[in-house]
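*Asks:* give me the fold of what follows.
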Amino acid sequence: MGRLMGMLQSDVDQLSDAVRATFVCIQQFLRITTVTAVLFVFSWKMTMIIMFFAPILLWFTNKQGAPLSEAMGDFRDREKDHISAIEEVLDLHTTEKLLGLDKHVVATLTTSAANARKH
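*Replies:* Have a look, this model is predicted:
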């Protein structure tokens with residue numbers, strides 16, 4: 001049951017991330033369009049200078065964004081591993097309380113769970 005809930009939570013998190021990213025993209029597009037229109041109204045020459053340097057800034061941002069995105073993905077993977085380990089320990093603790101297992105059995109189960117995670 002815990003694995004099913006974890007998978008469901010993961011799916012919900014991924015969906016909410018996708019929706020949030022879509023809204024951010026739309027918001028940024030509208031912001032850039034509005035700023036460009038306002039710049040054209042106030043000074044078309046300044047707008048042309050800014051538009052000349054914009055691709056350079058976008059290239060730099062894109063080049064730096066890939067490593068940051070990869071690092072965030074690694075962080076999320078490690079976070080999921082930690083959460084999974086915590087859930088396993090809580091499940092073992094709950095089982096111990098419900099069944100009244102002695103500490104030797106719990107230690108054996110904990111050790112085998114840790115070994116299973118390593119492989």
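
*Asks:* which element, helix or strand, includes Ile26?
*Replies:* Per DSSP states H and E: Ile26 is located in helix 2-42.

*Asks:* quick check: next helix or strand after that helix?
*Replies:* Using DSSP H and E, the helix or strand that follows helix 2-42 in sequence is helix 44-99.

*Asks:* quick check: angle from that next one to helix 2-42?
*Replies:* Angle, helix 44-99 to helix 2-42, by axes from the mean of the first three to the mean of the last three CA atoms, to 10 degrees: 170 degrees.

*Asks:* helix 44-99 packs against which elements?
*Replies:* Using 3 or more CB pairs under 8 Å, 6 or more residues apart in numbering; DSSP states H and E, the elements in contact with helix 44-99 are helix 2-42, helix 103-118. Any C-beta I mention is one placed from the backbone N, CA and C, and that applies to glycine too.

*Asks:* mean confidence score for it?
*Replies:* Mean per-residue pLDDT for helix 44-99: 81.

*Asks:* check stretch 17-33 too.
*Replies:* Rounded mean pLDDT across stretch 17-33 is 88.

*Asks:* list the buried residues of that stretch.
*Replies:* Within stretch 17-33, no residue counts as buried by 16 or more other CB atoms under 10 Å.
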